[in-house]
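S.K.: could you look at this predicted model? Sequence included:
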Amino acid sequence: MKRETLTRIAAAVIFALLISIPFGMRTYSDWMSSDDYADREDVLQRYGFYLEDITEAAGVDFSHQRVTVDDELSHILPQISSVGASVSVADFNNDGYPDLYFTSSEFGTPNALYQNMGDGTFTDVGEEMGVAALNSAAAGASMGSVWGDFDNDGYEDLLVYRWGSPELFRNLEGSGFEPVTDGAGLNKKINSNTAFWFDYNRDGFLDLFIGGYYHEDVNLFDLEDTRMMPDSYEYATNGGLNYLYRNNGDGTFTDVSEESGLQETRKWTLASTAADINNSGYPDIILANDYGVDEVLLNCEGRVFENVGEETGIGFVPKSGMSASLGDFMNRGEYSIYITNISEAGVLMQGNNLWVPSSSTESESGVPGYRNLAGNMGVEIGEWGYGGQFVDLNNDGYLDLYVANGYVSDEPGTDYWYDYSRVVGGNRNIIIDANNWPAMNSRSFSGYQTNKIWLNDGAGRFREVAGAVGGSLSLDSRSVAYADLDGSGNLDLIVANQNQPVKIFKNQGQPDRNWVGFRLTGTESNRSAIGAEVFLYWDGRITRKMVSGGESFSSQSQRAVHFGMGEVAEAEKAEIRWPSGNIDVIEKPELNRYHSIIESED
């Protein structure tokens, strides 16, 4: 056959293939709305799960509304009011099903408490429970919430933090909530975007950390001075103070922030979490800071905190820390730390950080050392990142990563980046004054970005699969939480989006993959068991997980500790290390169920 004939045949075949692609390919939305389950089965077999948007079917109809700030800031309102969408998870009425709390921010708009009805649907009971009307000029704008049983009565209490004063609610045995802020001693104005519960002194009562973002003297709704923006893009020193409130055990709290060493700097703290990273038995603090370096505060036996960020390697290079989460993604019995930052192709490539413990970099003083392996692992380049969560989505025994992306989505095809770079590249007197910031004029600013799902392959790499399994979205996502909403053993995702509706994704996982879970109740330790750790020994591995009092960006996930195990049919044992120091061991725990464990007292 002549070469010319072969060339014509090849060209015809290629052309036929090209014109068939648009008809053969289907979008994820088309795939999910079709009645053809063959494709879903293919995805299930390949990735071990897919995510189904059940928001409407679950009866959840909630949209975050951004807060309106002082007119002096109206020209950059979308940027100033770019946070406040959040979700936290707790079983507030002890019926065995995780419930969901969402925040809005605009004055007069309600927050929502969605009660899990146990049949796949949710009902908003926020108003009747007294935890809805929390956004006002007098009190402030809600930014997030965390749950913790601060009075150890067996019911989860609620703390809502705001640009304004925080609000603490005592849970009235699941029948309602009573505001106790003033009596508890928490009526302090803090422009906060993060908080968490933990028992820093191991006395059995939950203490409270609240991080400051804007300076506490700044009233964003009645501005006295426009010189309230960060005084540097990389080393800002005019942010809000961080606060530590010690629980006195009688329903009151004492501000011990200064004496504990938490107010030595004025960073712009955007996210925070706590965990015992040096195995001292005391929980340490990790802070993701905007406009500067991140911080690691080691707990010195419940007395003071020592800032060792630079010594660990984490607090060395200034970036835009947006989220802080921990996970034992390598099944080595130690936590890695994932911090999201900003990446915009052609403009700014900070990259997300995956800090992995390294014994070779541990200091002589015993301070743990970390290496940033985000690039090596394939989880460095996201976009404008916010909430990042370690979660085993396919129950294969390896933690995956879900990362929320997107800043301000406005007029398509427009871009604020050039004007932004002119300001942040200026000197202190330029960047600090909001009057110097160019008007946004309905322009997008790293908008219309999709969320990332990085699947852990168990061999040292992650691969991005959101386009195949669902859950990518193209909204301005902020807060991400996970919870097993129906007790199936698959972890579902809840995503709160800025000035946009929330989304709930049902995890449709392979039914033949094993898992085990633990619901913990403290006795000598706090009743919520926050800070308790479970070490699962299985298949020659040791996987470490903990009960968190708040993590990622403005979020808190389910209280139950969950382990995927793939095809492994048996776990040798589960070792529970309580904040009190007590240890309980469950030999060969039965798989594919949750175990309710009450702390044994010595």
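M.R.: Yep, that arrived. Numbering: from 1, shown residues only.

S.K.: from now on I want contacts and neighbour counts done on CA atoms only, so please keep to that.
M.R.: Noted.

S.K.: tell me which residues touch the nearest residue to Gly509 once chain neighbours are set aside, please.
M.R.: Distances taken as CA to CA, 6 or more residues apart in numbering place Phe49 nearest to Gly509, at 4.1 Å, with adjacent residues excluded. Counting by CA atoms under 8 Å, 6 or more residues apart in numbering, Phe49 touches 43, 393-394, 469, 507-510.

S.K.: export stretch 335-344 as PDB, just CAs?
M.R.: What follows is stretch 335-344, C-alpha atoms only, in PDB (Å, rounded to 0.1, in the frame of the first residue of the first chain):
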ATOM      1  CA  TYR A 335       1.300  12.900  62.600                       C
ATOM      2  CA  SER A 336       2.200  14.800  59.600                       C
ATOM      3  CA  ILE A 337       0.900  18.400  59.300                       C
ATOM      4  CA  TYR A 338      -0.800  19.800  56.200                       C
ATOM      5  CA  ILE A 339      -1.000  23.600  55.700                       C
ATOM      6  CA  THR A 340      -2.700  25.100  52.700                       C
ATOM      7  CA  ASN A 341      -1.400  28.300  51.100                       C
ATOM      8  CA  ILE A 342      -1.900  30.200  47.800                       C
ATOM      9  CA  SER A 343      -0.900  29.100  44.300                       C
ATOM     10  CA  GLU A 344      -2.000  31.100  41.200                       C
END
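
S.K.: domains in this structure, by residue range?
M.R.: 50-509, 514-598 (automatic domain parsing).

S.K.: of all these, which one comes closest to Asp39?
M.R.: Ranking those by proximity to Asp39 (CA to CA) places domain 50-509 first, at 10.2 Å.

S.K.: quick one on the thing from earlier: could you dump the domains of the chain to CSV with mean pLDDT, distance to Asp39 and mean neighbour count?
M.R.: Putting those into CSV (pLDDT from 0 to 100; distance: least, CA to CA, whole Å; neighbours: other CA atoms under 10 Å) gives the following:
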stretch, mean pLDDT, distance to Asp39, mean neighbour count
domain 50-509, 97, 10, 21
domain 514-598, 99, 22, 21
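
S.K.: coming back round to it: restricted to helices, list the contacts of Phe49.
M.R.: 43, 469 (DSSP state H).

S.K.: closest to Val547 out of the contacts of Phe49?
M.R.: Leu393 (18.1 Å).

S.K.: surely the closest one meets Asp484?
M.R.: No: the criterion here is CA atoms under 8 Å, and Leu393 misses it with Asp484 at 10.8 Å.

S.K.: overlap in contacts, the two.
M.R.: 490-492.

S.K.: mind putting those into JSON lines with distance to Asp182 and secondary structure?
M.R.: Listed next are the shared contacts of Leu393 and Asp484 as JSON lines, based on distance: CA to CA, whole Å; DSSP: H, G, I helix; E, B strand; the rest coil:
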{"residue": "Asn490", "distance to Asp182": "40", "secondary structure": "coil"}
{"residue": "Leu491", "distance to Asp182": "37", "secondary structure": "coil"}
{"residue": "Asp492", "distance to Asp182": "36", "secondary structure": "strand"}
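
S.K.: let's have the contacts of Phe49 in JSON lines, adding distance to Met129.
M.R.: As requested, the contacts of Phe49 are exported to JSON lines (distance: CA to CA, whole Å):
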{"residue": "Val43", "distance to Met129": "41"}
{"residue": "Leu393", "distance to Met129": "33"}
{"residue": "Asn394", "distance to Met129": "35"}
{"residue": "Val469", "distance to Met129": "36"}
{"residue": "Asn507", "distance to Met129": "29"}
{"residue": "Gln508", "distance to Met129": "32"}
{"residue": "Gly509", "distance to Met129": "34"}
{"residue": "Gln510", "distance to Met129": "37"}
